[in-house]
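Chemist: my questions are about this predicted structure, shown below with the sequence.
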Amino acid sequence: MPDYSTQSLARLVQPDRVHRNLYTDPAIFALEMERIFERIWIYVGHESQVRNPGDFFATRIGTKPVVMSRHSDGRVYVVHNQCAHRGVQVVAEDSGNAQEFRCCYHGWSYHTDGRIKNIPLRHAYGARVDVNDPKLAMVQVPRVRSYRGFVFASLAPTGPSLEDFLGHIATSLDDMVDRAPDGEIEIAGGVFKHGYDGNWKLYLENLLDAAHPLFVHQSSIEAAKVQDDAVASDGSGEIAIRQMRQNGASYGFWESQVGIWTYPNGHAFLGDYHDDAKLVAAMKDPNFRDYIEALEAKKGKAEAQRILEVRRWNTNIYPNVSFMSQFQQFRVVHPISVDRTVVYTYNFRLKGAPERMFRNTIAFANVVNGTGSLVLTDDLETYGRVGVGLASAGAEWLNIARGADTDMPDAHNGRRGKNSTSEIYLRNMYEAWLHYMTGTKPGLAAAAE
Amino acid sequence: MSAAVNAATAPDLREIEAFLTHEAALLDEARYEDWLGLFAADAWYWVPSQPGQRDPFETVSLMYDDRRLLETRVRRLMQGLLHAQNPRSVATRQVTNAAILETPPGAAVVRSKFAMVEYRRNAQRIFAGSYIHRLVRADGTLKIASKRVNLVNCDAEHGGLVVPF
């Protein structure tokens, strides 16, 4: 396994190309876990998953298993899912409610904030275990912060605040929550779990790639284009087919109508390419009309209008989240190994919105994020082929240059592509990558000029 | 018991088993348009994502196609440019243990067990579970009014699911 110095890492990322080892070398993956996933703010879960004291949700920070829980003090904790005795996984269920966490092996038990509660045969350890030692616990993750219900955690005890880390990209999380007439959202409607044999970065990269749908999604575009709209539909198929057709929008549309904005720390969002005006409102959906009325009643006409005019497609919060506020989709990336990734995708329900509007969210999830979707399956195929292709010794460097000559500065310390097919989001993610991996100051994009 | 009322139209188990075997053969042979031809005009096809899932509207599904989307799914499967089926899968299905659960007038709700082996590009996947068919008779022939596929591992992490079950 090669040993990467700061200099050798820095050489792997250049202004318009990156080295293929970034996607294939287990040593790079191990460093990414250590210097990115186990250091910076990582999205863990949503507060609605742990609404009541004792509620818990088991997940991972990078490859480290953790449990997010609501303790009896009302606070949300994130603790390592590991018994202090013999290292056994304590919480085996994905989620639930518990009075305490108890290890299956020798019965050590923990409070739901991770503190030790009871050790069977305690006397036999004598003074060799100290129940006041914070390490004699399901150890708490040192920093846990919620932004409007979205819980982030950092395995590093010190570092930039969550607010500084998010910067302007927090406005996309605001958009997610502001759309709820009651100002609150909750995870609902199940979860998709899909895996692919490829690197974790591929997923984030694809979610902001406005140049791929015409090729990757050609099969569903062509199939949807000629679909007879007179055939019976309960609404699910109608939304799905509209989505597929819009994927087939012309390059002219992609280049001029969409937009791509990037911000420090690798975050970015793609502008909208088929907002709810195209998928829902244009259908004169009575639920959407009721929704607008509910939003106006709770927030006032002007604020409701402002909220509905925020039109963003996918927002990436680097390095493990990609979400879409208009249809309340939220995807969490779990890196497994250098060539294996699992993505969990969730839906949010908008509190105060008509109940039947959630059906649009589900229908949209099925087509955009579904494991058996007519759209997503071609993306998963592509990630797998990248993995196979990178095994080749043919090309050492991968190109990330599209649009590099025309990117421009933007407000809020950001930069944007002159048009939305710019790969500025790749260059921006790699600028953050380089910063985290080598400790160098951000400035890759500027250096490219 | 409504057996007397349904005697003229209700399918018996032998006819149902022949129908399920025929459906499996069409899928095995990738004759997807002929498979679509087995479905009624307002049919739906559903593969839930959660064990015991109540409906396809409030919870996500691995596949949930109303008739319109099912047509689009089949058309996509027949296309030459389908990346996720390049190369194509080869699959074989076994359908067994068919039992009639209900016999509403002119129809039958049937549960059967299935196993499907899918091979593609050096990898083989096994899927298994139960089918719930609602079969109706239209113009003398059996049609699928709805088909629900309960995978034993529906809530697992999966790679892309392209070939229908």
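Modeler: Yep, that arrived. Numbering: from 1, shown residues only, chains lettered A, B, ... in the order given.

Chemist: name the nearest residue to A:Glu255, ignoring sequence neighbours.
Modeler: A:Asn419 (4.1 Å; C-beta to C-beta, 6 or more residues apart in numbering or on different chains). From N, CA and C alone the C-beta is placed, and that goes for glycine too.

Chemist: so that neighbour touches A:Asp407, yeah?
Modeler: No. Look at A:Asn419 against A:Asp407 with C-beta atoms under 8 Å: they stay out of range, at 10.1 Å.

Chemist: low-confidence stretches in the chain?
Modeler: The chain I'm using is chain A. Chain A contains residues with pLDDT under 70 at A:1-2, A:274-283, A:441-449.

Chemist: actually, chain B is the one I wanted.
Modeler: B:1-9.

Chemist: the longest helix in it is where?
Modeler: Longest helix of chain B, by residue count under DSSP state H: helix B:13-28.

Chemist: elements contacting it?
Modeler: Helix B:13-28 sits against helix B:32-36, strand B:90-102, strand B:107-120, strand B:123-138, strand B:141-151, with contacts defined as 3 or more C-beta pairs under 8 Å, 6 or more residues apart in numbering or on different chains; DSSP states H and E.

Chemist: contacts for the third one, please.
Modeler: Contacts of strand B:107-120 with the rest of the structure, by C-beta atoms under 8 Å, 6 or more residues apart in numbering or on different chains, involve B:10-11, B:16, B:20, B:24, B:87-103, B:124-137, B:145, B:149, B:163, B:165.

Chemist: gap between it and the chain center?
Modeler: 7 Å (C-alpha atoms, centre = their mean, to the nearest Å).

Chemist: in the longest helix of chain B, what's buried?
Modeler: Within helix B:13-28, the residues scored as buried using 16 or more other C-beta atoms under 10 Å in any protein chain shown are B:Ile16, B:Glu17, B:Phe19, B:Leu20, B:Glu23, B:Ala24, B:Leu26, B:Leu27.

Chemist: and of these, the nearest to A:Gly248?
Modeler: Closest approach between the buried residues of helix B:13-28 and A:Gly248, by C-beta to C-beta: B:Leu27, at 28.2 Å.

Chemist: wait, the closest one touches B:Leu36, no?
Modeler: No. If you go by C-beta under 8 Å, B:Leu27 and B:Leu36 don't touch, sitting 10.9 Å apart.

Chemist: mind listing the strands for the stretch 1-150 of chain A?
Modeler: In the stretch 1-150 of chain A, strands defined by DSSP state E, counting those that start in this stretch lie at A:13-14, A:17-19, A:42-46, A:55-61, A:64-70, A:76-80, A:95-97, A:101-102, A:109-110, A:116-118, A:143-147, A:150-154, listed in chain order.

Chemist: so what secondary structure elements neighbour the second one?
Modeler: Packing contacts for strand A:17-19, counted by 3+ C-beta pairs under 8 Å, 6+ apart, involve strand A:397-399.

Chemist: what residues does the strand it packs on touch?
Modeler: So strand A:397-399 is contacted by A:Gln14, A:Asp16, A:Arg17, A:Val18, A:His19, A:Arg20, A:Tyr23 (C-beta under 8 Å, 6+ apart).

Chemist: if we can go back for a sec, let's have the buried residues of helix B:13-28 in TSV, adding distance to A:Pro120.
Modeler: Converted to TSV, those look like this (distance: C-beta to C-beta, whole Å):
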residue	distance to A:Pro120
B:Ile16	57
B:Glu17	56
B:Phe19	59
B:Leu20	54
B:Glu23	57
B:Ala24	54
B:Leu26	60
B:Leu27	55
